[in-house]
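Undergrad: Just to be clear, the model below is a prediction. Sequence and coordinates:
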Amino acid sequence: MENEISQNLRELHDLIVRAVFPEDLFGSQLLCFEDGSERETETRDEMEEALQNIVREWRAKCLAHSRLSELNEVYAEEAVVMINRLYREAVERIDANEYGEDLKTDFNIVIDGKKIMLRKFLLETDTAEVYTGNVMVNGSYGEKILAKIATLKGNNRFIWNETRALRAIFNPNDASGDDSLTEEDKRKLRHYNPANRTFKTSNDRLGYVTSFRADYYSLREVRESERWKDGVPEKHMVWMFNRLLSAIGLAHSKNIIHCGLNPDSALFRPRDHNMIVANWDYALLNASANNGTKDFARTEDFVAPELLSGEMLIPSSDLYAVGKLMIYILGGNPKTNEMPDSVNPRIQSFIKAFVLESKWQRVNDAWQAHGELYKLMEELWGPRQFIKFAV
């Protein structure tokens, strides 16, 4: 695959990635044509028709570059998927009579001399509020960011814990005492989004800012999409499985256990099948010296029994959740461990070894399992091949 995409496509792709609201890309004023002139739309149908025309133009602009190279085709297709996601949000805003509202905000922070405008509330977790916004550049919206802020001052410890965990993964001295990363470790760092820009609000709530990955999708988004509502095929599941094993294996090698893996914690990018593990607020550092933990993400179908009982955690405590996630993405039932009949029995057996009730009997080594899964894939389907995936 060629190493560069066309400059025009890169600029289009960057504009799409930076959009926080659909209006950032499609414009806040929707116009229709009547008797050879433009006028502002007046009805919902007119608004949606105008929006569809704009979206078609954006898709066409991106796809026009797809014939230039294989890499251009991949980026153009990715851009269209992001455009479609913004289009669906725009329709929701039209239906709620919110499209074209004043999107300015006074919720600003300054980090390292950069003004960051937090423009949109995304969700509230057990411990934090999550926002997205932009770094402001000469009054314009620049890089898109994600900000996670403790809901209460008492929850600052969770933000601090997440920051410490990620810094420990990126800086070996913070965790294992080793002063260098191997080349293999450096490759595995692609699976993490460093959280190293922290701040405090006026009421002393701790937060951090990191890059927003607009071209990534959570396993929940995939599973709930119309395309994959019945689950993804096993040949797609296995590369997700392998990426997740590789990612969580690096944390385990640094003596860190995630304690909160669920469908919102695993994000992947279809373009290159990369996966990021997010939401480290419950992470257990120096895990081998800890006798147990009371803090964990309470998504019951994905929580290992020892988390519920407060027993000492080991790497298999995370791998239990990994197995449950693969059952979930296949369209199975993570509560009962049932999987569709179409899934190869050897694949089913491999996954079920992750979800045994006993932490000592289930799979406990992510990197070893990573290699074993590759071997199983080749035995079942021959030499590995990259299979394109769309959301």
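TA: That came through, no problem. Numbering: from 1, shown residues only.
Undergrad: Strands of the stretch 1-150 of the chain, start to end?
TA: Taking DSSP state E, counting those that start in this stretch to define them, one finds strands in the stretch 1-150 of the chain at 31-34, 37-40, 108-111, 114-124, 128-137, 140-150.
Undergrad: quick one, which of the ones you listed is nearest to Lys352?
TA: With respect to Lys352, and counting by C-beta to C-beta, the nearest of the strands of the stretch 1-150 of the chain is strand 114-124 at 32.1 Å. Yep, even glycine has a C-beta here, placed from its N, CA and C like the rest.
Undergrad: circling back to that earlier point, need the strands of the stretch 1-150 of the chain in JSON lines with mean pLDDT and mean neighbour count, can you?
TA: Rendered in JSON lines, the data for these read as follows (pLDDT from 0 to 100; neighbours: other C-beta atoms under 10 Å):
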{"stretch": "strand 31-34", "mean pLDDT": "84", "mean neighbour count": "13"}
{"stretch": "strand 37-40", "mean pLDDT": "86", "mean neighbour count": "10"}
{"stretch": "strand 108-111", "mean pLDDT": "91", "mean neighbour count": "14"}
{"stretch": "strand 114-124", "mean pLDDT": "93", "mean neighbour count": "16"}
{"stretch": "strand 128-137", "mean pLDDT": "94", "mean neighbour count": "19"}
{"stretch": "strand 140-150", "mean pLDDT": "94", "mean neighbour count": "20"}
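Undergrad: pLDDT weak spots in the stretch 251-391 of the chain?
TA: Regions of the stretch 251-391 of the chain meeting the criterion pLDDT under 70 cover residues 291-294, 297.
Undergrad: Assign a three-state SS to Trp239, would you?
TA: Per DSSP: H, G, I helix; E, B strand; the rest coil, the secondary structure class of Trp239 is helix.
Undergrad: For it, list the residues it contacts.
TA: When contacts are counted by C-beta atoms under 8 Å, 6 or more residues apart in numbering, Trp239 touches 273, 387.
Undergrad: Next: Leu146.
TA: The contact partners of Leu146, taken as C-beta under 8 Å, 6+ apart, are 122, 130-132, 209-213.
Undergrad: what does Ile351 give?
TA: In this structure, Ile351 makes contact with 323, 326-327, 339, judged by C-beta under 8 Å, 6+ apart.
Undergrad: for Glu4, same thing?
TA: Neighbour list for Glu4: Leu71 [criterion: C-beta under 8 Å, 6+ apart].
Undergrad: and it, how far is that from Lys235?
TA: Separation of Glu4 from Lys235 (C-beta to C-beta, to the nearest Å): 30 Å.
Undergrad: Same question for Ser349.
TA: Counting by C-beta to C-beta - Ser349 and Lys235 are separated by 17 Å.
Undergrad: what do you get for Glu23?
TA: Distance from Glu23 to Lys235, by C-beta to C-beta: 39 Å.
Undergrad: Could you check which of these two is surrounded by more residues?
TA: The neighbour count for Glu23 versus Lys235, taken as other C-beta atoms under 10 Å, is higher for Glu23 (20 against 15).
Undergrad: show me what contacts that one?
TA: Taking C-beta under 8 Å, 6+ apart, we find Glu23 in contact with 90, 93, 99-100, 103.
Undergrad: I'd like to know which of those is nearest to Gly36.
TA: Distance to Gly36, by C-beta to C-beta, is smallest for Gly100 among the contacts of Glu23, at 24.1 Å.
Undergrad: Ramachandran angles for the residue lying closest to that closest one once chain neighbours are set aside?
TA: When the adjacent residues along the chain are set aside, Gly100 lies closest to Ser28, with 4.5 Å between them (C-beta to C-beta, 6 or more residues apart in numbering). In this entry, Ser28 is assigned phi and psi values of phi -80, psi -20 (degrees, to the nearest 10).
Undergrad: Quick one: closest of the strands of the stretch 1-150 of the chain to Asn333.
TA: Each of these was checked against Asn333 via C-beta to C-beta, and the shortest separation belongs to strand 114-124, namely 25.3 Å.
Undergrad: quick check: angle from the closest one to strand 140-150?
TA: For strand 114-124 against strand 140-150, the angle by axes from the mean of the first three to the mean of the last three C-alpha atoms, to 10 degrees is 50 degrees.
Undergrad: Mind giving me the packing neighbours of strand 114-124?
TA: When contacts are defined as 3 or more C-beta pairs under 8 Å, 6 or more residues apart in numbering; DSSP states H and E, strand 114-124 sits against strand 108-111, strand 128-137, strand 140-150.
Undergrad: residues contacting Tyr217?
TA: 267-270, 391.
Undergrad: Look at Asp126 and report its pLDDT.
TA: Note for Asp126: predicted pLDDT of 88.
Undergrad: Next: Lys188.
TA: With respect to pLDDT, Lys188 scores 64.
Undergrad: now the helices for the chain?
TA: Assignment of helices within the chain using DSSP state H yields the ranges 7-18, 22-26, 44-63, 70-95, 156-170, 183-188, 219-224, 234-253, 305-309, 316-329, 345-352, 366-381.
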